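> Pasting the sequence and the predicted model now:
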Amino acid sequence: MRKMYRVRVQILPKEGVFDPQGQTVKGALEKLGFEKVKEVRLGKLIEIVLDAEDESQVKERTKAMCEKLLANPIIETYQLLDVEEVS
């Protein structure tokens with residue numbers, strides 16, 4: 001029986017890849033008095049709702065989506081944050 005699942009994926013620049021948005025936010029935080037901030041990396045949070053047989057199928061499909069479209073493997077990493085069944 002197929003079920004509906006919500007999955008959240010976090011995509012961030014790889015370590016060592018220049019992140020101009022992160023640098024801009026870091027500079028703004030410093031100007032606001034948060035001078036102890038050492039690094040800011042900005043990324044994306046993607047939420048997808050899909051139907052699947054089970055959670056393992058959701059993870060497999062989500063990985064394929066990330067590798068084919070959602071993340072640029074040259075400069076970004078992705079991480080599956082959570083999977084939850086929804087009604």
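Thanks, I have it.

> contacts, neighbours, all on C-alpha from now
OK.

> nearest residue to P13 other than its sequence neighbours?
E76 (4.3 Å; CA to CA, 6 or more residues apart in numbering).

> what's around the one you found, how many residues?
15 (other CA atoms under 10 Å).

> now swap in Q57 and tell me
So Q57, with other CA under 10 Å, has 12 neighbours.

> Can you tell me how far it is from Y5?
Using CA to CA, to the nearest Å, one obtains 10 Å as the distance from Q57 to Y5.

> again, but for C66
17 Å.

> for this protein, what spans make up the strands?
Assigned by DSSP state E, the chain shows strands spanning 3-13, 44-52, 76-86.

> For the shortest one, name the packing helices and strands.
What that stands for is strand 44-52. Judged by 3 or more CA pairs under 8 Å, 6 or more residues apart in numbering; DSSP states H and E, the packing partners of strand 44-52 are strand 3-13, helix 55-65.

> centroid residue for the chain?
In the chain, the centroid-proximal residue (CA atoms, centre = their mean) is Q10; its distance is 1.3 Å.

> okay if I get the strands of the chain as CSV plus distance to E35?
Below are the strands of the chain laid out as CSV (distance: least, CA to CA, whole Å):
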stretch, distance to E35
strand 3-13, 23
strand 44-52, 25
strand 76-86, 27
